[in-house]
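Student: what shape does this take:
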Amino acid sequence: MSLHTSLFIAVLVIIALFDSEALKETTEPVTCGSVVKLIHKDTGNNLHSHGIAWGSGSGQQSVTTNSAKTDKGSLWVVKESSKASEVCEIGTPVKCGDIIRLEHADTTKNLHSHLFKAPVSGNQEVSGFGDEHGNGDSGDNWQVVCESGQGLWYRYVPVHFRHADTNRYLVTSGRHVFNQQNCGHQCPIMGQTEVSAGGSKTSAGKWLTDQGVYFPSKIDTDSGDEL
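Tutor: You can find the predicted model right below:
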């Protein structure tokens, strides 16, 4: 990631954390390039990551949920699949069924899964993976699964994320909290909940966007419509 790109994303992160409440009245689509916070519908916690590695399994960067409202570790950049032939242009609406990547804005690691076992639930592990430019592998690809009849991924509307390589769903649960018993007395993620990939499409896998910087839909902009 270039210095220019890093500075640009840093500015978006600040705006996303402190100046996005007014956007909640809209019903616009999520678009490529947007920096978003993802909220787990059942628990109200944020999809989160940080520079802390899993102590077991892959040893890659851990992904959890937490309840902090202004934590920059809970912001994610929406971008194209690792297998896409070209970059998803900023402002392109994400369609239901599209395969995307979610890049952690603070560390440039992609939301990732693979066949390692998650430490608490025993589900498939979810981690942050990739280099400093946000490049990883096919394990970073997630399909946006919407409710029936929906054509686009809309802001503040729950969706599921299906892992493209393994057909498992991004999930979390209030039952899988890190504590002294399962993480030790010096646990750096105490009180946060494990994020994993589960085999079934259930309410534990519903996520919706919240705070963020959303680029206007390129379709509306090109047509001259006002957002």
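Student: which parts of stretch 33-46 are buried?
Tutor: 33-40, 42, 45-46 (16 or more other CB atoms under 10 Å). (Glycine included, C-beta is placed from N, CA and C.)
Student: mind listing the strands for this structure?
Tutor: Per DSSP state E, the chain carries strands over the ranges 35-40, 46-53, 61-66, 75-80, 99-104, 110-117, 124-129, 142-145, 160-163, 169-177, 193-198, 207-213.
Student: mean pLDDT and distance to residue 87 added to the ones you listed, as CSV?
Tutor: As requested, the strands of the chain are exported to CSV (pLDDT from 0 to 100; distance: least, CB to CB, whole Å):
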stretch, mean pLDDT, distance to residue 87
strand 35-40, 98, 16
strand 46-53, 96, 23
strand 61-66, 97, 24
strand 75-80, 98, 6
strand 99-104, 98, 11
strand 110-117, 97, 15
strand 124-129, 98, 20
strand 142-145, 98, 17
strand 160-163, 98, 21
strand 169-177, 96, 23
strand 193-198, 98, 26
strand 207-213, 94, 18
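Student: can you say which of these is nearest to residue 90?
Tutor: Nearest of the strands of the chain to residue 90, taken as CB to CB: strand 75-80 at 9.7 Å.
Student: follow-up on the earlier one: most widely separated two among the buried residues of stretch 33-46?
Tutor: Taking CB to CB as the measure, those span a maximum distance of 28.4 Å, between 33 and 42.
Student: you'd agree residue 183 is up against residue 190?
Tutor: Yes - contact criterion CB atoms under 8 Å: residue 183 and residue 190 qualify, at 6.5 Å.
Student: between these two, who's got more neighbours?
Tutor: Neighbour count, other CB atoms under 10 Å: between residue 183 and residue 190, residue 183 has more, with 19 against 13.
Student: could you report the distance from that one to residue 152?
Tutor: Separation of residue 183 from residue 152 (CB to CB, to the nearest Å): 39 Å.
Student: swap in residue 60?
Tutor: Taken as CB to CB, the span from residue 60 to residue 152 is 31 Å.
Student: now residue 38
Tutor: Going from residue 38 to residue 152 by CB to CB gives 17 Å.
Student: returning to what we had before: so can I have JSON lines of the strands of the chain showing distance to residue 28?
Tutor: JSON lines is the format used below for the strands of the chain (distance: least, CB to CB, whole Å):
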{"stretch": "strand 35-40", "distance to residue 28": "12"}
{"stretch": "strand 46-53", "distance to residue 28": "21"}
{"stretch": "strand 61-66", "distance to residue 28": "25"}
{"stretch": "strand 75-80", "distance to residue 28": "13"}
{"stretch": "strand 99-104", "distance to residue 28": "17"}
{"stretch": "strand 110-117", "distance to residue 28": "23"}
{"stretch": "strand 124-129", "distance to residue 28": "28"}
{"stretch": "strand 142-145", "distance to residue 28": "15"}
{"stretch": "strand 160-163", "distance to residue 28": "20"}
{"stretch": "strand 169-177", "distance to residue 28": "23"}
{"stretch": "strand 193-198", "distance to residue 28": "27"}
{"stretch": "strand 207-213", "distance to residue 28": "10"}
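Student: of the ones you listed, which is nearest residue 135?
Tutor: Smallest distance to residue 135 across those (CB to CB): 8.4 Å, for strand 110-117.
Student: in that closest one, what counts as buried?
Tutor: Within strand 110-117, judged by 16+ other CB under 10 Å, the buried ones are 110-114, 116.
Student: with distance to residue 161 as new columns, can the residues you listed be given to me in CSV?
Tutor: Shown next, in CSV, are those (distance: CB to CB, whole Å):
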residue, distance to residue 161
110, 12
111, 8
112, 12
113, 10
114, 15
116, 18
